[in-house]
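1. coordinates for the following, if possible.
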Amino acid sequence: MDMIIDFPGGSKVDAHFRGHTVMTDQPPVDDAPMPFEIFLASIGTCAGIYVLGFCKQRNLPTEGIHIIQHNHAAANGMMEKIDLEIQVPPTFPAQYYEALVRSAELCKVKKTLEHPPTFEVTTKVVEPV
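-> Numbering: from 1, shown residues only. Below is the predicted model:
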């Protein structure tokens, strides 16, 4: 899947793919999340997709389920640890607690971070249309 990244003005940088636009911004304007915040949010929301799927497959209610993501930064601002805490209501069946954790651990974003891709950044001159 290709993405087109453009610069709509100010400190804004947007990504376009599959008919969607993900808008980002940097302070001081801060009209949208910063790219790194979207990256971090992708971890928790990806885990959430797997937890949601687990519950739907078993007709388990998702009301009251939350994932709290604790991001622990090193002195240089890089993440050294990310904790995902799946909170369930008292009525959620205890027999599924560990299975929820296993489901969240299937997250594609998490797995990609555990086995990172290689990066290649290049420049290409393109004539205006």
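2. buried ones in the strand or helix carrying Lys110?
-> Assigning secondary structure by DSSP states H and E places Lys110 in helix 108-114. Going by neighbour count (16 or more other Cβ atoms under 10 Å), the buried part of helix 108-114 is 109-110. For the C-beta atoms, the positions are set from N, CA and C on the backbone; glycine is no exception.
3. residues contacting that helix, please?
-> 42-43, 46-47 (Cβ atoms under 8 Å, 6 or more residues apart in numbering).
4. and those, which two are furthest apart?
-> Farthest apart among those by Cβ to Cβ are Ser42 and Ala47. That separation is 9.7 Å.
5. now the helices: where do they sit in the protein?
-> Taking DSSP state H as the test, the helices found in the chain are 35-57, 97-104, 108-114.
6. re the thing from before, neighbour-wise, which of Ser42 and Ala47 wins?
-> Ala47 (25 against 16; other Cβ atoms under 10 Å).
7. I'd like the distance between that one and Gln95.
-> Using Cβ to Cβ, to the nearest Å, we find Ala47 at a distance of 20 Å from Gln95.
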